[in-house]
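Chemist: fold the following and give me the result.
(one chain, ligands or ions: 1)
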Amino acid sequence: MSDSHSPEQLPIHWFQDPNDVPADVADWLMEMGSMTRRFEKQGVTVTVKPKNECFVRRDELGESEAQQLPESARYWVREVILFGDAEPWLLGRTVIPEETLTGPDLALVDLGTVPLGRYLFSGNNLTRDYIHLGQLNTEQGSLWARRSRLCLSDKPLLLTEIFLPDSPVHRPEGKVGQA
Ligand SMILES: C=C(O[C@@H]1C=C(C(=O)O)C=C[C@H]1O)C(=O)O
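Modeler: Residues are numbered from 1 along each chain as shown. The predicted structure is shown next:
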């Protein structure tokens, strides 16, 4: 799957019932802590390559994204590829209403190659409203995905993560280096 597609343009099928997802996959997708840290526990160096970062209007969001975020004049969008060592493991798309970018949280627009999780999980002011589990069918096969609405000091942001074929989520044992 080319990384030129924005996750919002990709037709992700969202499951109504998480029990429709295999338990070993759900164990990854329902991770409540930092996915960056979870990946690092696989023994890899996690790096982030920003692909797109900009402000957009509400009518430029995907319909399902806009439905899950409050009205705002504009939203900060961050799209990245996250790597485990040299392997692309995850496409991430974060949408942040401008009203969330207050005080120290304005730093969210300057993350660059710093993994979002390093910032979000650095304090004790992050909650996760929900995690939706999904699957994306591509010419190369299907990919697992999840969408979380997070709140940073009670201010919302929406995070979509698509797990790429090389990621542990798609390995039978979920472990790196096991054939
Ligand atoms: C939210 C986290 O940050 C990760 C890093 C991202 C980024 O740098 O934009 C996006 C998705 C996450 O997989 C996390 O570690 O849980």
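Chemist: all helices of this protein, in order?
Modeler: Secondary structure of the chain (DSSP state H): helices located at 23-29, 35-40, 63-67, 116-120.
Chemist: for the closest residue in space to G33 that isn't next to it in sequence, give its distance to the ligand.
Modeler: With C-beta to C-beta, 6 or more residues apart in numbering as the criterion, G33 has its nearest non-adjacent residue at 6.8 Å, and that residue is F121. (Each C-beta comes from the backbone N, C-alpha and C, glycine too.) With the distance defined as C-beta to the nearest ligand atom, to the nearest Å, F121 ends up 7 Å from the ligand.
Chemist: count of residues packed around the closest residue to the ligand within the chain?
Modeler: As assessed by C-beta to the nearest ligand atom, the ligand sits closest to G117 within the chain, at 2.0 Å. Residues within reach of G117, counting by other C-beta atoms under 10 Å, total 22.
Chemist: that one contacts R38, doesn't it?
Modeler: No: G117 is beyond contact range of R38, at 9.2 Å (criterion: C-beta atoms under 8 Å).
Chemist: for W28, what are its contacts?
Modeler: R38, W144, F163, P168, V169, G174 (C-beta atoms under 8 Å, 6 or more residues apart in numbering).
Chemist: if you set the cut-off to 6 Å instead, what comes out?
Modeler: V169 (C-beta atoms under 6 Å, 6 or more residues apart in numbering).
Chemist: pLDDT at it, what is it?
Modeler: On the pLDDT scale, W28 is placed at 97.
Chemist: give me the distance between it and E161.
Modeler: 10 Å (C-beta to C-beta, to the nearest Å).
Chemist: now do the contacts for the most centrally placed residue in the chain.
Modeler: A centroid search over the chain (C-alpha atoms, centre = their mean) returns E161, at 3.0 Å, as the residue closest to the centre. Counting by C-beta under 6 Å, 6+ apart, E161 touches L90, G92, R146.
Chemist: the first one against I81, yeah?
Modeler: Same thing as L90. No: L90 is beyond contact range of I81, at 7.3 Å (criterion: C-beta atoms under 6 Å).
Chemist: that concludes my questions; thank you for your assistance.
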